[in-house]
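Asks: no sequence for this one, just the structure:
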């Protein structure tokens, strides 16, 4: 069964450094998402992306965050200057279409640890 | 905005016990409802979904019925197994065009003891 893959599985970065989290969505999907889960808290929406532009973003997704689909397969999340509070599990998801019934398929996540 | 209230955990049950994890939601229009499961060390996996009132989603012995009148989507299983130990997340997805994000509950950690 096709799956969403994320790399790396664990990223350790010094505070203030830039970090790029990578995702390969399911190949025929058109809609892409990033979520995060701070340890012990709920999964929170960050951003959705379609047709090479952001569809929606949450208040968490400030100017330090950006997303990009640099080629036909990858979908990246960049954090320009990391803060301690960015430490979390970051999940990428994709779906085949809009419409409330379309499920989102999630990757296994990247654990980001900011020192 | 949309919100999900989920039964607080952790929940510990003996094998073959009956499971209910409560979930209620607030959302405008006609949202879709989902249960996701997260096994230790893994990502979120779709367990089941329902897209309209009175729909019943089912998978792996789990069931949940979309109850619009009570805005609920409770997860049930008649006889749990040790392998069902995981964290379960209820989620709502709005029906408005462009409003496609999932809003999750806090998750319920389930432990099944043999």
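Replies: Here it is on my side, so go on. Just so you know, these numbers come straight off a predicted model, no measurement behind them.
Asks: Find the nearest non-adjacent residue to the residue most central in space within chain A, please.
Replies: Residue closest to the average C-alpha location in chain A (C-alpha atoms, centre = their mean): residue A:34, at 3.0 Å. Nearest residue to residue A:34 in three dimensions, chain neighbours excluded: residue A:46, at 4.3 Å (C-beta to C-beta, 6 or more residues apart in numbering or on different chains). Glycine gets a C-beta too; all of them are placed from N, C-alpha and C.
Asks: Quick one: check stretch B:102-114 for contact with chain A.
Replies: Yes: interface with chain A: stretch B:102-114 contributes B:102, B:103, B:104, B:105, B:106, B:107 (C-beta under 8 Å from any C-beta of the partner chain).
Asks: And those, which two are furthest apart?
Replies: Spatial extent of these (C-beta to C-beta) is set by the pair B:102 and B:106 at 13.8 Å.
Asks: quick one: which of those two has more around it?
Replies: residue B:102 (26 against 17; other C-beta atoms under 10 Å in any protein chain shown).
Asks: pLDDT weak spots in the chain?
Replies: With no chain named, the answer covers chain A. A:97-101 (pLDDT under 70).
Asks: wait, I meant chain B there
Replies: Scanning chain B for pLDDT under 70 picks out B:95-99.
Asks: Spell out which parts of chain A neighbour chain B.
Replies: Residues of chain A lying near chain B (C-beta under 8 Å from any C-beta): A:4, A:6, A:31, A:33, A:35, A:41-45, A:48, A:55-56, A:58, A:91, A:93, A:95, A:98, A:100-101, A:103-109.
Asks: What segments of chain B are strands?
Replies: In chain B, the strands defined using DSSP state E lie at B:3-6, B:11-14, B:19-21, B:23-26, B:32-38, B:44-50, B:56-59, B:62-65, B:75-77, B:86-93, B:102-104, B:108-113.
Asks: likewise chain A?
Replies: Remark: strands assigned in chain A by DSSP E are A:5-7, A:10-13, A:19-24, A:31-37, A:43-50, A:53-57, A:65-68, A:75-79, A:88-95, A:105-106, A:110-114.
Asks: hmm, back to that, now the residues of chain A next to chain B: which count as buried?
Replies: Neighbour counting over the residues of chain A next to chain B (16 or more other C-beta atoms under 10 Å in any protein chain shown) leaves A:4, A:6, A:31, A:33, A:35, A:42-45, A:48, A:55-56, A:58, A:91, A:93, A:95, A:98, A:100, A:103-109 as the buried ones.
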